[in-house]
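Student: What follows is a predicted protein model with its sequence.
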Amino acid sequence: MADPVLDENLILQLLTAPASGTIDDIGRLQAAAIQALTDMHDRKMTRDQYIQHAASAVSLYGQLCKLWMLLSMKEAFNNGDFDAARIAEAEHGLLNLVNKQVKTVHGIVTELMKCPTSQDVVH
């Protein structure tokens, strides 16, 4: 099987557009962060390098999520669509989603614990 290779020039191109205070660039920048994270894995970085650089990519993705939320709230406020009931409904929905995702990641880590490591005794 050939090595998986992402188009790193495309990733760099996606990262050229600065965050501009509009929602338009956020998806492109998030895609670049995830592709960079995948590329780090595919290129078999050392664990220390991966942790350091993956934290940067995940942080970028997370900050872009916050920016999207802030800009969406600003737009709703400017349009007169901002009300407490809608915020409460969105909060409830997000809390449900986050709790499901926590369970999913818990399951992933539980499965990872079953994977052999280089320190396991071979029978």
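Tutor: Structure received. Numbering: from 1, shown residues only.
Student: Just give me the longest helix of the protein.
Tutor: helix 47-78 (DSSP state H).
Student: Would you mark the buried spots in that helix?
Tutor: Buried residues in helix 47-78, counting neighbours by 16 or more other C-beta atoms under 10 Å, are found at 54, 57, 60, 61, 64, 67, 71. The C-beta positions use only the backbone N, C-alpha and C, and glycine is treated the same way.
Student: so the third one makes contact with residue 35?
Tutor: What it means is residue 60. No - between residue 60 and residue 35 there is no contact under C-beta atoms under 8 Å: 11.6 Å.
Student: Report the mean confidence score over the longest helix of the chain.
Tutor: Averaged across helix 47-78, the pLDDT comes to 93.
Student: for that helix, the distance to its chain's centre please.
Tutor: Put simply, helix 47-78 sits 7 Å off its chain's centre (C-alpha atoms, centre = their mean, to the nearest Å).
Student: do the same with stretch 31-47
Tutor: The chain centre lies 12 Å from the centre of stretch 31-47; the measure is C-alpha atoms, centre = their mean.
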